[in-house]
Each structure stands twice: as structure tokens, then as C-alpha cells.
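**Student:** A predicted structure for the sequence below; I have some questions about it.
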Amino acid sequence: MKYIRLALAYLLLLGTPGVAQVAPFPSGFRTERVATDGAELHVRIGGRGPAVVLLHGYTQTGDMWAPLAAELAREYTVIVPDLRGLGLSSRPPAGYDKRTQAADIAAVLDRLGVQRAAVVGHDIGNMVGYAVAARYPERVTRLVLMDAPVPGLGPWEDVVRNRALWHFSFGGPDAERLVAGRERIYLDRFWNEFAADPAKLTDATRAHYAALYSQPGAMRAGFAQFAAFEQDAVDNKDFASAGKLTMPVLAIGGAKSFGETMAAVMRAGAADVEGAVIPNAGHWLMEEQPAATIAAVRDFLASPR
């Protein structure tokens, strides 16, 4: 019943005057709820051909990928989940370490009858994507990671000391009380400070995600994603000790955000890394420079490597 209530709340949100929406997925996409070990994921599926999984990050949901999904669906089966605890997926009390969330994605692939897929991640989706590739290397054909570090890899210890990333350690009941009723204010901080041009994140986009993150338990689940970083670093060091990833990897950074650091991060954990820097972009690549970002991902997936 709680999942029905959540879906109904979202439908009401869609029909609420004055609440603008992000770009919709193509009409040919369908949605499914996929049970995993301890969670239920809301998943969008469309297109036909080799499979590609798109994994979103914090402050957003799988909705962020609609423009890329529309492009890729011409040649690929595109699979877009909301991560555990976020968007329209369930919000269990535990399981926010990225190793467990990698198993969530494997369960989605199993449910859909997909043996192998390319994986594309942004922000926390990077961290889940790396864990999928490290835990299930035989199932990942290519990996694209966009503008965020991976716990335990490369210069992670330097990254976490950056004062701009204080939110990595912000969470718990007191944080939930502070943010309650102020979700839009809290999320605006991310969209403003980590963008090259904050205006590219329109009020429609901000209102859409703020409404979703204002749902009961959503902020708690978001904070839990960050709280798991310490365990994620331990797990990823264990993964890396077994050897670097061998599938082709594209590491994309915004020129005014992670830039070339993305490739440096991934060369610490993967043997075949191609770097790309998106000009005039901060962290929010799909919103700030969608055409260039889509072209980089599409060309990498289609390259005959």
C-alpha cells in the first residue's frame, strides 16, 4: 500500500498547477517496479537493442536522463532506475552502501532478462556504477562516469577534505529536522554552488526535484547515501585490490567542476580510460550542456573499441 500511496502522491504532483516538470521520457517508455534484496526500484524502460543503464545522482532522480534516453533509445534498450531511497523507489532503513546498490541494479537486469549492459552514472550514480562494474565485471560492457569522485579511488582523501563538500558529513535526525520544510532551500545550494551557470537549472527543474525530495523519508534516504561513503571506500579498495576494471571507461568532467580530474580518478581503478571535458559546464552536465554531454556518451558507446 505504501508504494501505491507514493505513486498517487506523484500523480497528484504531476497535476498540480504551478508545479513545473522536467522533460518527459519518450512515450514508448514504460515503468516497472522491481523487487531487490530489501528495496523496490522504480524503473523506466524503452528502446530496443543492446542495454544501457543510466544511474542518477543526488538532488535528482532518473528523470534527469530523459534527453539522453530519448537519443539512445533509437539504438539501445535504455534502463533508468531511481536509486534505492530516492525518487519513486522505496525507502528502506538500510542498504545505502554502493555494493548493496550494485546488487539492486543486477536484480533489475535479471528481472528484465538482460545479461550484459553498458552503465552510465552521474554523481552518486558514479559510485553505484563503479560498484556494479567491480562486483559484476562480466555484466558491464562499458562504463561512463560523470563529474563526481568514487570513494576510495585516486585522490579520495583529498576530495573529502574540500570544505565545499561539507554535505558529505551532514545527516542524521537533527539534519532532517533542520531541512524539513526547507528542502528547496537546501537543494538550491547544490544547484547554485556546483553549476557554472545556475540559470541553466530552471525553476521548473528545481521545483520538480524539490517536490520529490520533500516526500516523507526522502531526505533521510539521501543523507544515508552520504553516510555510506566510509563503507564504500573500504569496499572499493577491496575491489581495486583484485585488479583494475578492464572494460572501456569514459570519464567525463565539467570544465568548471571536476574537469580532467575525472579521468585521473578512474585511471586509479580502471585500465582502459578515456577522458572528456565538457566546456562551459559545472557539475550539472545534462542541464548545463546537454548536447555536448549526449554526444560524448553516444559516441563512446558506439565506438568500435
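**Tutor:** Perfect, thanks for sending it. If you're wondering where the values come from, they're calculated on a predicted model, not measured in any experiment.
**Student:** Quick check, Pro155 in contact with Thr261.
**Tutor:** Yes. Contact criterion CB atoms under 8 Å: Pro155 and Thr261 qualify, at 7.4 Å. Where you see a C-beta, it was placed from the backbone N, CA and C, and this is true even at glycine.
**Student:** Looking at the two, which one has more neighbours?
**Tutor:** Thr261 (19 against 13; other CB atoms under 10 Å).
**Student:** what's the neighbour count on the residue nearest to the more buried one when sequence neighbours are not counted?
**Tutor:** In space, and not counting its chain neighbours, Thr261 is closest to Gly253: 6.1 Å by CB to CB, 6 or more residues apart in numbering. For Gly253, the count of nearby residues is 25 (other CB under 10 Å).
**Student:** quick one, what contacts Gly253?
**Tutor:** 146-147, 259-263, 275-278 (CB atoms under 8 Å, 6 or more residues apart in numbering).
**Student:** Narrow those to just the buried residues.
**Tutor:** Among these, those classed as buried by neighbour count (16 or more other CB atoms under 10 Å) are 146-147, 259, 261-263, 275-278.
**Student:** List the ones among those that fall in strands.
**Tutor:** 146, 275-278 (DSSP state E).
**Student:** ok so the residue nearest to Thr261 is a strand residue?
**Tutor:** Yes. According to DSSP: H, G, I helix; E, B strand; the rest coil, the state of Gly253 is that of a strand.
**Student:** May I have the beta-bridge partners of it?
**Tutor:** Assessed by DSSP bridges, Gly253 has beta-bridge partners Val277.
**Student:** so how far is Phe258 from Ala199?
**Tutor:** Distance, Ala199 to Phe258, by CB to CB, to the nearest Å: 21 Å.
**Student:** nope, Ile79 is what I was after
**Tutor:** 25 Å.
**Student:** Ok, Ala224 next?
**Tutor:** Distance from Ala224 to Phe258, by CB to CB: 24 Å.
**Student:** can you pull out the strands in this structure?
**Tutor:** 30-35, 40-47, 51-55, 77-81, 117-122, 140-146, 249-254, 273-278.
**Student:** just to revisit the earlier point, so between Ala199 and Phe258, which is more surrounded?
**Tutor:** Phe258 (24 against 9).
**Student:** ok, the contacts of Gly253 vs Val34, which is closest?
**Tutor:** Within these, proximity to Val34 (CB to CB) peaks at Met146, which comes in at 23.6 Å.
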